[in-house]
Structure formats: C-alpha cells, structure tokens
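Student: Following is a predicted model, sequence given first.
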Amino acid sequence: MAGKTNLSRRDVLIKGGIATAGTTLLPSYVLAQLDRLARDETPVNWIDEFGPPRSPDFVLLDWNGLESWITPVDQFFSASHYPEPTVDGDTYSLEITGAVRQRLNLSLDEIKSMPRRELDFTLECSGNRGVPVFRGGVFNARWTGTPLAPILERAGMWDNGMEVVFFGHDEGEEVITPRRSEPLTMKQNFARSLTMAQAMDPDILLCYEVNGQTLPPKHGYPLRLIVPGWYGITQVKWLKRIEVRTTRYMGRFISRDYVTIREETHNGETVWRQESVGKGRINSVTARVTRVGPLHRIYGAVWGEPLREVQVRIDDGPWQTAEIIEGADAEYAWKFWRLDWDRPSPGEHTITSRGITAAGTMQPAPDDPYLAGKKTYWESNGQVTRTIRTFES
C-alpha cells in the first residue's frame, strides 16, 4: 500500500473479479477498497518495521497490507510440533472413548451429516509478539463444522469424569527423566485437554471447512477442533481421538510446554506462578495510516476477549475512543477500528492502541507489572506503539 492508487470503482470491480450491479454481495475487503478509493486515501508509510519480510515457508500476517476482515487461507499462520500427518478422509474415523457410557466411531460423512454451523473466530498463536520477529501469528476465519457438545451427550460422559482430551494424528517422540529413573523415550500424539464443563461449551466445533472450502491438509484435514476464545495451541488439528478421563491429563503441551511463568509478590515475598496457556487475552495493533488532504485516518484491529472499546493515543496526548468499522457483532472475531486525525503537525508521531474488555480489563502497557514479571514469551499482549512521519498538506 505504499504510494497513491489511481483506480476507478470499475477498475476495482474488474480486478477483484466482481461482476454485479450492486454492492450488497461484495466481500468486505472490496467494499473497504471502494470506500478508500472513493475518498482518494493515500497511504502514509511507517518508519518502524513491524515484523519480518513475508516468507512462503513461514507465513505471517502482513499488518501493513491488512485489507480483508476474513483472512484468505493462503495468509493463515500455521504451526505444528510433530511432522504433519497424512490422513485419508475416505477411511477417516473419529473415536470417542474413555469414561463414557457408549463408545463412538464416527466417519467424516457421519460428522458432516450432523447439524452444520458457521462461526467467525480469530485464531492467535499464544507466542505471537513474544519475540520481535514474530508479530503476525494471527488470522480471522469462518469455520464450518458441527458442535461438539451433542456428540459428548450422545456418548454419555461418566459423572466422575474430570477432563476431555483431544488427540491429533500428528505424533513424535518425547524424552523425560522420571525421578530416580533412566530417561524414558515415549511416542506421543499431540494433545490438549479441557475440563468437562469447558468441553460442553455449545460454541465449540469439530470443523471440516474454513472460509467455505475443505480444510487444507496444513490446517488439519479432515477434522480439527475449534474452541473459540482460546489461543491457537488449543485448536487441535488432524483430530484422531476424544477421550474422557477421570484424572488430569499431564501431556507435554499442557503441563511442561505452553506454560506461562510469572514472578509475583505476595505479602512481601516473591512467589512464582505457573499457568497453562488457555483463553485468549485482549490485544490490538495499529495496522495503517492514510490521508485525505489534511485529514489522516488511523486503522487497526482488536481481538482476544469480548470488547468494550478501543482507545488510541497519538504521541503523549489523551486517549481517544476509536470507531469500530467492521466485526462489531462478531463475538469471537476481531474488530476493525478507525480514528480520524485532523491536520497533524509535520514530523514524527507515535501511535499507540489499547483494547478494553467488556469486563473492564485494559490491554497492559509493556512496563505493566503483569507483563514485566512474565518470564516466558507466551501470552504477550502489551500495547504496541508505532511511528510515522507526516508532512505538510
């Protein structure tokens, strides 16, 4: 988006492959392009570099080019901890087992025949922004599948059940050294768990489509778990087995890895808190700035928790409430926001955004004790400050 764009409305429609007399069916990103071009908005370049160059081997969201409220599939960030498995959808079977009254084996066709639901959800890696080169591990998508809760009800979980564990087809070897024992090498499937109450959330889906297409192999084909409102580590791909347990599951990715360690003070003494990464946290980023004559517009996104408002601060000025321009009614998806900035003085300016949750929790500043005492890079949701240079109109 560097430089001025001189395209007519018709040019945009043709280049976007849209052939329609009206705009009611246009995707949101095309409408956004039309809106900006109609006002002759010119991008203002950032001075800072927010993230590494795009790489086909490690796809991160390009904040400077953020356009589409629904992220195209080829722009999805993806991570896995074991080799990517190959799963045959034709012979696929999902096993529901453990502390249940009726064990189930469900084919992909059986799952697709169950009630179908779509849900917009912004998926963020819990390591996003934990290190300077990792700032785009987030995307927004429309997930399609069937609710998990009715399947668990059909299986009939035992009253003394404690957790529901979700195993993927991806597997690898883990080496641990039990106390007073020799190192032990174990083959393990990737897995994460939820409490029984959490697993019965009616919004949790077993998904087989994303953005209207079959799940790509890289993103969990033929079936993956989507737990809206939780970090990406919970969204188990290549789902193999769901097991109800009467004891706590203590696999690597819930007890030893993806654990946030924080130093705190209690009654004047230092204490260490260790918590497994779980639900998302309020987060926001300023994506771009444009100008229309002397008027500048600041655009960004906010996500992670139910939202009360987004505030923006320019330099050391007061915090101002931004306008939500897309996604206001999407419970689990990010919101796009905008703030008008009239006649800024020429020179360098800093822009900071912060989200405030419906419960009143404010996105923390980088020096907030909540973040300053954190010793791991998971769940890094501090306020982001970016810098631009403006010129006389």
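Tutor: Done, it's in.

Student: Which stretches in the stretch 151-300 of the chain count as helices?
Tutor: Ranges of helices in the stretch 151-300 of the chain, per DSSP state H, counting those that start in this stretch, are 196-199.

Student: where do the strands sit along it?
Tutor: 163-176, 184-195, 205-210, 213-214, 224-226, 239-245, 259-266, 269-276, 283-292, 295-303 (DSSP state E, counting those that start in this stretch).

Student: for the shortest one, packing partners?
Tutor: Pointing back at strand 213-214 there. Helices and strands touching strand 213-214, as assessed by 3 or more C-beta pairs under 8 Å, 6 or more residues apart in numbering; DSSP states H and E, are absent. All C-beta spots, glycine's among them, are computed from the backbone N, C-alpha and C.

Student: Give me the sheet partners of that strand and which way each runs.
Tutor: Strand 213-214 has these partner strands in its sheet, going by DSSP bridges: strand 205-210 (antiparallel).

Student: coming back round to it: out of the strands of the stretch 151-300 of the chain, nearest to Thr352?
Tutor: Proximity to Thr352, assessed across those by C-beta to C-beta, is greatest for strand 283-292 (7.6 Å).

Student: Off-centre distance for the closest one?
Tutor: 19 Å (C-alpha atoms, centre = their mean, to the nearest Å).

Student: what do you get for stretch 213-222?
Tutor: Stretch 213-222 sits 17 Å away from the centroid of its parent chain (C-alpha atoms, centre = their mean).

Student: Same question for stretch 135-153.
Tutor: Distance of stretch 135-153 from its chain centroid, counting by C-alpha atoms, centre = their mean, is 11 Å.

Student: Ok, stretch 137-156 next?
Tutor: From the chain centre to the centre of stretch 137-156 is a distance of 16 Å (C-alpha atoms, centre = their mean).

Student: May I see the strands of the stretch 151-300 of the chain arranged in CSV, with mean pLDDT as well?
Tutor: Formatted as CSV, these follow (pLDDT from 0 to 100):
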stretch, mean pLDDT
strand 163-176, 95
strand 184-195, 94
strand 205-210, 98
strand 213-214, 98
strand 224-226, 98
strand 239-245, 98
strand 259-266, 91
strand 269-276, 93
strand 283-292, 94
strand 295-303, 96
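
Student: Out of these, flag the one nearest Phe76.
Tutor: When the strands of the stretch 151-300 of the chain are compared (using C-beta to C-beta), the closest one is strand 205-210, at 8.1 Å.

Student: Identify the residues contacting the closest one?
Tutor: Residues outside strand 205-210 that contact it (C-beta atoms under 8 Å, 6 or more residues apart in numbering): 73, 94, 108, 111-112, 117, 119, 141-148, 151, 214-216, 219-220, 222-226, 239.

Student: Quick check on the residues you listed: which are buried?
Tutor: With burial judged by 16 or more other C-beta atoms under 10 Å, the buried subset of these is 73, 94, 108, 111-112, 119, 141-148, 151, 215, 219-220, 222-226, 239.

Student: Please report how far the closest residue to Leu239 other than its chain neighbours lies from Leu123.
Tutor: Distances taken as C-beta to C-beta, 6 or more residues apart in numbering place Leu223 nearest to Leu239, at 4.6 Å, with adjacent residues excluded. Leu223 sits 16 Å away from Leu123, taking C-beta to C-beta, to the nearest Å as the criterion.

Student: May I have the beta-bridge partners of Gly98?
Tutor: Beta-bridge pairing for Gly98 (DSSP bridges): Val244.

Student: ok now do the residue nearest to Leu239, which residues does it touch?
Tutor: Applying C-beta under 8 Å, 6+ apart to Leu223 gives the contacts Tyr92, Leu94, Leu108, Ile111, Gly145, Leu206, Cys207, Tyr208, Leu215, Trp238, Leu239.

Student: what do you get for Phe253?
Tutor: Per C-beta under 8 Å, 6+ apart, neighbours of Phe253: His81, Phe190, Ala191, Arg192, Ile233.

Student: Identify the residue spatially nearest to the last one, adjacent ones excluded.
Tutor: When you say that, I think you mean Ile233. Nearest residue to Ile233 in three dimensions, chain neighbours excluded: Tyr258, at 5.0 Å (C-beta to C-beta, 6+ apart).

Student: now swap in Lys218 and tell me
Tutor: The shortest distance from Lys218 to any non-neighbouring residue, by C-beta to C-beta, 6+ apart, is to Ser78 (5.3 Å).

Student: and the one you found, how many neighbours?
Tutor: Other residues near Ser78 number 16, with proximity taken as other C-beta atoms under 10 Å.

Student: What's the separation between it and Arg154?
Tutor: 31 Å.

Student: coming back round to it: my read: the residue nearest to Ile233 touches Ser126, true?
Tutor: Yes - between Tyr258 and Ser126 there is a contact under C-beta atoms under 8 Å: 6.4 Å.

Student: what residues are shared contacts of these two?
Tutor: Common neighbours of Tyr258 and Ser126, using C-beta under 8 Å, 6+ apart, are Ile233, Val277, Trp378.

Student: quick one on the thing from earlier: distance to Asp88 added to the strands of the stretch 151-300 of the chain, as TSV?
Tutor: Shown next, in TSV, are the strands of the stretch 151-300 of the chain (distance: least, C-beta to C-beta, whole Å):
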stretch	distance to Asp88
strand 163-176	10
strand 184-195	17
strand 205-210	14
strand 213-214	14
strand 224-226	16
strand 239-245	13
strand 259-266	35
strand 269-276	33
strand 283-292	38
strand 295-303	35
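
Student: Kind regards, and thank you for your time.
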